[in-house]
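Enquirer: next input, structure requested:
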Amino acid sequence: MAGKTEYKNNWQKENVDRINLIVPKGKKDSIKAHAQARGESMNAFIQRAIDETICRDEKEERGE
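Expert: So this is what the prediction gives:
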């Protein structure tokens, strides 16, 4: 029978992709503070920032 860790690792393999992000020293702290000030995790904030940028870029491409 699989343990909790094995189950979690298998679930992640099947359901999520990982991206390693490298930022200049000190930037992580400012990103974390910004996210926390808005009640978000860093991960949620970064995902939102990416989604909003893609949406904005696509609108620009359509001439909106």
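Enquirer: what residue ranges in this protein score low on pLDDT?
Expert: Within the chain, the ranges that satisfy pLDDT under 70 run 1.
Enquirer: could you tell me which helix of it is the longest one?
Expert: helix 42-62 (DSSP state H).
Enquirer: which outside residues touch it?
Expert: Helix 42-62 has contacts (CB atoms under 8 Å, 6 or more residues apart in numbering) with 21, 28, 31-32, 34-35, 38, 40. C-beta coordinates here come from the backbone N, C-alpha and C atoms, glycine included.
Enquirer: what's the farthest-apart pair in those?
Expert: Maximum pairwise distance in the contacts of helix 42-62, criterion CB to CB, is 18.5 Å, between Leu21 and Arg38.
Enquirer: gap between Ile22 and Gly39?
Expert: Counting by CB to CB, to the nearest Å, the gap from Ile22 to Gly39 is 26 Å.
Enquirer: same deal with Lys13?
Expert: Relative to Gly39, and taking CB to CB, Lys13 is found at 30 Å.
Enquirer: check Asp29 too.
Expert: 18 Å.
Enquirer: now Arg18: phi and psi?
Expert: Note on Arg18: its backbone torsions stand at phi -110, psi 140 [degrees, to the nearest 10].
Enquirer: ok, it - how many residues close by?
Expert: Arg18 has 6 neighbours, counted by other CB atoms under 10 Å.
Enquirer: likewise for Gly26?
Expert: 8.
Enquirer: and if you look at Lys32?
Expert: Counted by other CB under 10 Å, the residues lying close to Lys32 total 14.
Enquirer: now do Lys25
Expert: A count of nearby residues for Lys25, using other CB under 10 Å, gives 6.
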